[in-house]
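Asks: Sequence below, structure please.
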Amino acid sequence: MSLAREASRAIRSTLVLWVITAIIYPFAMIALGQLVFPGQANGSLIKNAQGQVVGSALIGQPFTSDRYFNSRPSTTSYSTADPKKDDAGVLKTGVSGASNLAPSNSALLERIKGKDDPDPSKRVEGDLNRLKTAGIQPTSDLVYTSGSSLDPHITPEAAEAQIDRLAKARGLQPQQLETLIAQNTDGRFLGIFGEPGINVLKLNLALDGLKSAS
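Replies: Coordinates of the predicted model:
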């Protein structure tokens with residue numbers, strides 16, 4: 001067999017494989033995703049009562065207001081920070097990822113416990129002080145970041161720790177918030193994997209739907 005025929009066969013095989021793997025397969029997966037799992041294929045987007053997209057069920061958002069359930073801290077500020085104005089260096093690890101600081105690292109302890117300094121610009125409030133000031137009993141997931149720093153969930157315990165503050169801020173009965181938390185708690189995957197969790201964005205949207213007790 002001549003070299004030209006061998007080369008022709010190799011080129012044709014390459015083109016066929018390219019069409020299959022680069023065109024047919026990707027478009028088939030896109031079509032299948034839109035047909036079978038349209039919500040997940042389009043980013044698991046969440047809409048508010050007005051039908052506006054307010055976020056994704058897969059990526060957390062920074063909630064710090066006393067009128068909402070607070071989310072867990074994020075080393076990347078949930079990728080909402082402007083890299084050009086990133087004075088605190090929250091995007092050092094990229095758009096996702098943990099701080100990679102050991103439990104004994106002074107920078108991690110400073111972020112959690114805070115730092116007092118005569119120079120106001122060098123003071124660090126610390127997550128523990130922030131939570132106590134807000135009237136929230138600290139839980140591990142309200143102090144430590146997730147591995148990706150994008151986790152949209154908190155534990156039921158973290159949500160329950162915020163009930164008194166929210167009840168006061170919104171004029172709600174604690175029982176209303178307890179019921180809301182129970183209604184929005186996701187169980188273990190297949191009943192055995194992982195731990196129960198609550199999507200903070202979904203919980204806060206449901207919170208906006210509650211009527212004041214006053």
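Asks: Check which residues of the longest helix that the chain contains are buried.
Replies: Identified as the longest helix of the chain according to DSSP state H is helix 3-19. Residues of helix 3-19 classed as buried: none (neighbour count, 16 or more other Cβ atoms under 10 Å). Quick note: C-beta positions are derived from backbone N, CA and C, even for glycine.
Asks: counting contacts, what elements does that helix pack onto?
Replies: Judged by 3 or more Cβ pairs under 8 Å, 6 or more residues apart in numbering; DSSP states H and E, helix 3-19 is in contact with no other helix or strand.
Asks: Just checking, which helix or strand succeeds it along the chain?
Replies: helix 25-36 (DSSP states H and E).
Asks: pLDDT (mean, whole number) over stretch 25-37?
Replies: Averaged across stretch 25-37, the pLDDT comes to 92.
Asks: May I have it exported as PDB, CA atoms only?
Replies: Extracted C-alpha coordinates of stretch 25-37, given in PDB (Å, rounded to 0.1, in the frame of the first residue of the first chain):
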ATOM      1  CA  TYR A  25     -21.300  14.100  20.600                       C
ATOM      2  CA  PRO A  26     -21.300  17.600  22.200                       C
ATOM      3  CA  PHE A  27     -24.500  18.700  20.400                       C
ATOM      4  CA  ALA A  28     -26.100  15.400  21.300                       C
ATOM      5  CA  MET A  29     -25.300  15.900  25.000                       C
ATOM      6  CA  ILE A  30     -26.600  19.500  24.800                       C
ATOM      7  CA  ALA A  31     -29.900  18.300  23.200                       C
ATOM      8  CA  LEU A  32     -30.200  15.500  25.800                       C
ATOM      9  CA  GLY A  33     -29.600  17.800  28.700                       C
ATOM     10  CA  GLN A  34     -32.200  20.300  27.400                       C
ATOM     11  CA  LEU A  35     -34.700  17.500  26.900                       C
ATOM     12  CA  VAL A  36     -34.200  15.500  30.100                       C
ATOM     13  CA  PHE A  37     -32.600  18.000  32.600                       C
END
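Asks: tell me how far it is from the chain's mean position?
Replies: 26 Å (Cα atoms, centre = their mean, to the nearest Å).
Asks: Next, the angle helix 25-36 makes with the longest helix of the chain.
Replies: For helix 3-19 against helix 25-36, the angle by axes from the mean of the first three to the mean of the last three Cα atoms, to 10 degrees is 20 degrees.
Asks: Having no further points to raise, I will conclude here.
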